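[1] Predicted coordinates and the sequence they were generated for:
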Amino acid sequence: MQAMYLVVAAVVGMQQPVVPRTVAPALAHAQAALQGLGALDALDGLDALDALDALAVLDGLDGLDALDALDTRDAAALHGEQDPTDSLWRAARRAFNRGDYTSAAKLYGELTRRYPDATRAGDALYWAAFALYKNDNLDRARALLVTQQQRYPKAATLRDGDALLARIQGALATQGDEEAHRWVLIHAEPPQPPEPPQPPEPPQPPRPPRPPRPPRPSQPPRPAGTRGCPDENDEDDVRVAALNGLLQMDAANALPILRKVLAKRDACSAGLRRKAVFIVSQKHGAETEDILLDVARNDPDSDVRRQAVFWLSQVGSDRAVTALDSILRNATDPELQDKAIFALGQIHQGRAAQILRDYAANERAPDEAREKTIFWLGQQHSQENAAFLRGLYAKLASEELKEKVIFSLSQMGGPDNGRWLMDIALNEREPVEMRKKALFWVGQTGGNLDQLAGLYDRMQNQDMKEQLIFVYSQSHEAAALDQLIRIAKTEQDKELRKKAIFWLGQSHDPRAAQVLLEIINP
């Protein structure tokens, strides 16, 4: 009994932690963050967030906004406190950071005007243009970026300036600016193939061959086909921005250009093709569907095909569903199958759901893919899917698949699914782990608390009783706290009592504190 008192005393002590005032806010933020992360555990490895991969195509564009909060390097550390641009640079930066873009643009412009040869002059032009862009002064911002390109080709912000210029030109083109329109058309076009090589000069008479030298061990000969691609990322970002602007302004002219980009088959253009797929997906129509279907079936790069499959979920036509069905059944790339499952899960059409149900029931399909199919069926909240999953559970041999069925039905909610979960929890023929998971989700989804409260005395299995104590601890209902108090006071099993006492210690209810004190001082 003395050991029990020590447990209770420790729990009571835990109820009133002493946290320094300076540490408490950070601790609260950390706890909130951990709780938020814990909410993702229920997905249990289902890569539902893979859908976000498609947004990576905007890296070259939206990366500009991330610069808003960045603190520019302190030039004083590089040039000393005597740098004449230092005070102007600091003042401009402060204005920009507080959102006073008019003052920021004037101060950055003044720096370049007064000190045109300074190290910061080229970067100041970029930030002045950025501030003007924030204030919708697009013409002036464009002029400053062109000046930066012409006068400061080695500026550290030159690449960012190119991408910002592309965004500005696209915006001006949609407003009817002819110069911007021409710029967008030129930069949206894919680069022309190089000129064919000139005929070689007549060969010279051969010289006697030299005896071969043995290769150096530190420099083995490179195998064929390993030559790297040229670095075209900067130009790709500008072209993508131009294509996006052209699509918003004139889709009829943009889509043929996008077709040209996507018709490329070389490995070095795969990144550009992946971004082009995203741009195509933003305009719905028959031609968009044709382009995405062609890429999903024929592009040689697996990442590009996956992007096309992902965005087919936004099309949702019969042709798209047929193509996704074929990819799901025949693809050998698991990631491509995952994208097809996700896409079908986003299409709220009876045939798409039936394809997923058929695949989930296919015993020859990989278990991992079936798990994800079961998950997405659970996200559609249809009675037909719920009935299918309840029936599928009894046919499954894999505990992982059974667990996914339990989780999906818990997410659907509804009285039928709640009763089914309770039946699994009470069924002594079911594996204990499945019963525990069903019981947990009954508690998480607001199951009948009166039924849960009366369940403890009917349970014979120790593990199930422990799980039920945990379920009570997660509820905010008075009846659940009543059960914990009763177990802490009357349970004959010492280990179960200790668990109930521990969870009472986590409660902020005054009744719990009183009970703990009564146990300490009987």
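    Yes, it's here.

[2] Next, the buried residues of stretch 327-337.
    Residues of stretch 327-337 classed as buried: I327, L328, A331, E335, L336, Q337 (neighbour count, 16 or more other Cβ atoms under 10 Å). All C-beta atoms are positioned from the backbone trio N, CA, C, and that covers glycine.

[3] cool, and stretch 166-175?
    Buried, per 16+ other Cβ under 10 Å, within stretch 166-175: A166, R167, I168, Q169, G170, A171, L172, A173, T174.

[4] Save those as CSV, and put in pLDDT, distance to G350 and secondary structure too.
    Below are the buried residues of stretch 166-175 laid out as CSV (pLDDT from 0 to 100; distance: Cβ to Cβ, whole Å; DSSP: H, G, I helix; E, B strand; the rest coil):
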residue, pLDDT, distance to G350, secondary structure
A166, 85, 43, helix
R167, 85, 42, helix
I168, 90, 46, helix
Q169, 84, 45, helix
G170, 82, 40, helix
A171, 84, 42, helix
L172, 86, 46, helix
A173, 79, 42, helix
T174, 78, 39, helix
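
[5] Could you list which residues are in contact with A365?
    Y359 (Cβ atoms under 8 Å, 6 or more residues apart in numbering).

[6] L439 reaches M464, doesn't it?
    Yes: under the criterion of Cβ atoms under 8 Å, L439 makes contact with M464 at 7.0 Å.

[7] Need the contact partners of stretch 170-178.
    138-139, 142, 179-181, 183-184, 241-242, 244-246, 248-249.

[8] Show me which of these are buried.
    138, 142, 180-181, 183-184, 241-242, 244-246, 248-249.

[9] could those go into TSV alongside pLDDT?
    TSV is the format used below for these (pLDDT from 0 to 100):
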residue	pLDDT
L138	90
R142	92
A180	79
H181	75
W183	80
V184	74
A241	76
A242	76
N244	75
G245	75
L246	70
Q248	72
M249	71
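
[10] So which of those is the closest to D358?
    Comparing the buried ones among the contacts of stretch 170-178 against D358 with Cβ to Cβ places N244 closest, at 38.2 Å.

[11] From E518, how far out is that closest one?
    69 Å (Cβ to Cβ, to the nearest Å).

[12] what's the most distant pair in the buried residues of stretch 327-337?
    L328 and E335 (12.4 Å).

[13] still on that earlier bit, lowest-confidence member of the buried residues of stretch 327-337, which is it?
    Least confident entry in those, by pLDDT: A331, with 85.

[14] so that one touches Q337, yeah?
    Yes: using Cβ under 8 Å, A331 makes contact with Q337 at a distance of 5.1 Å.

[15] before we move on, back to that, would you mind giving the buried residues of stretch 166-175 as TSV with distance to F96 added?
    Shown next, in TSV, are those (distance: Cβ to Cβ, whole Å):
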residue	distance to F96
A166	21
R167	18
I168	17
Q169	23
G170	23
A171	20
L172	23
A173	27
T174	26
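
[16] hmm, which two among the residues you listed are most spread apart?
    Across the buried residues of stretch 166-175 (Cβ to Cβ), the longest gap, 13.1 Å, separates A166 and T174.

[17] Mutual contacts of the two, please.
    Common neighbours of A166 and T174 (Cβ under 8 Å, 6+ apart) are G245.

[18] Quick one: residues in contact with stretch 316-334.
    By Cβ under 8 Å, 6+ apart, stretch 316-334 touches 289, 292-293, 296-297, 302, 305-306, 309, 312, 336-337, 340-341, 343-344, 346-349, 351-352, 355, 359, 366, 368-369.

[19] Mind giving me the PyMOL command for buried ones among those?
    Here is the PyMOL command that selects the buried residues among those (16+ other Cβ under 10 Å):
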select buried, resi 289+292+293+296+305+306+309+312+336+337+340+341+343+344+346+347+352+355+359+369
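
[20] Any idea how many residues pack against A480?
    20 (other Cβ atoms under 10 Å).

[21] between L439 and M464, who's got more neighbours?
    Taking other Cβ under 10 Å, L439 and M464 do not tie; L439 has more neighbours (25 against 20).

[22] mind checking how far the more buried one is from Q460?
    Taking Cβ to Cβ as the measure, L439 and Q460 are separated by 14 Å.

[23] Please apply the same query to D136.
    72 Å.

[24] Please apply the same query to Y393.
    Distance from Y393 to Q460, by Cβ to Cβ: 23 Å.

[25] ok, the two, which is more surrounded?
    Y393 (19 against 8).

[26] which ones are touching that one?
    Under the criterion of Cβ under 8 Å, 6+ apart, the neighbours of Y393 are K402, V405, I406, I424.

[27] CSV please, covering those and showing neighbour count and distance to R114.
    Converted to CSV, those look like this (neighbours: other Cβ atoms under 10 Å; distance: Cβ to Cβ, whole Å):
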residue, neighbour count, distance to R114
K402, 23, 73
V405, 26, 71
I406, 27, 70
I424, 23, 77
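
[28] Give me the lowest-pLDDT entry from those residues.
    I424 (90).

[29] Would you check that that one makes contact with V405?
    No: assessed by Cβ under 8 Å, I424 is found out of contact with V405, at 9.6 Å.

[30] Can you report how many residues lie near Q148?
    26.

[31] Could you report the pLDDT at it?
    pLDDT at Q148 comes out at 93.

[32] And L247, by the same measure?
    The predicted local confidence for L247 is 71.
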